[in-house]
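> Provided below are the primary sequence and the corresponding predicted coordinates.
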Amino acid sequence: RDTFPLDVWTDGGATVTGPGGLNVTGRALYGSQGFDQQGRLVTVPGDASDAQLETLDLQMQLAVTHCPARPWGRFAAALIDRGAFGVAIIDDCPATPALSRAPATPLPMLVLDREAGSALEAHLGQTVTFTTRTG
């Protein structure tokens, strides 16, 4: 018998809290690590190309987007690479997207359903806190 390493990722849930009693729940993006981060909420188009992302000021912001056109893990990584301190994806896709592992970063990356996403978008431009718990 041979031994081998096995990594098992578990989702402990995600929350977004903010002004006016904002408190929505979701799930952590597959592969992400658990963390808390506060920042100003900005929107990013889900179909943005890398060139378009370069024009956005994401430094120290929390990005929210709808159903990215590319694998979610890669899109979240691109936003983090451009300075975002966290990413929330609103899952309003017409079909279930292919499974995509997020990069191992201590910054929170989460997925929200339509209802939670709508509540979050009502707070664009405000300071909110993303929290993800994983194991």
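Thanks, I have the structure now.

> from here on, just use CA atoms for contacts and neighbour counts.
Fine.

> and stretch 94-103, how far out from the chain's middle?
In terms of C-alpha atoms, centre = their mean, to the nearest Å, the centre of stretch 94-103 is found 12 Å from the chain centre.

> cool, stretch 52-62 as well?
The answer for stretch 52-62 is 14 Å, by C-alpha atoms, centre = their mean.

> again, but for stretch 76-91
6 Å.

> what does stretch 104-112 give?
Counting by C-alpha atoms, centre = their mean, stretch 104-112 comes out at 5 Å from the chain centroid.

> could I get it in PDB with only the CA atoms?
Extracted C-alpha coordinates of stretch 104-112, given in PDB (Å, rounded to 0.1, in the frame of the first residue of the first chain):
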ATOM      1  CA  ALA A 104      -5.000  30.000  -2.700                       C
ATOM      2  CA  THR A 105      -5.100  33.500  -1.400                       C
ATOM      3  CA  PRO A 106      -6.100  34.800   2.000                       C
ATOM      4  CA  LEU A 107      -8.400  37.300   0.400                       C
ATOM      5  CA  PRO A 108     -12.100  36.500   0.500                       C
ATOM      6  CA  MET A 109     -13.800  35.200  -2.600                       C
ATOM      7  CA  LEU A 110     -17.500  34.300  -2.400                       C
ATOM      8  CA  VAL A 111     -20.600  33.400  -4.300                       C
ATOM      9  CA  LEU A 112     -24.100  34.800  -3.700                       C
END
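
> could you give me the buried positions within the longest helix seen in the chain?
Longest among the helix segments of the chain by residue count, using DSSP state H, is helix 72-81. Using 16 or more other C-alpha atoms under 10 Å as the test for burial, helix 72-81 gives 72-73, 75-80.

> one more: stretch 80-87?
Neighbour-count burial for stretch 80-87 [16+ other C-alpha under 10 Å]: 80, 82-87.

> strands - which of those land there?
86-87 (DSSP state E).
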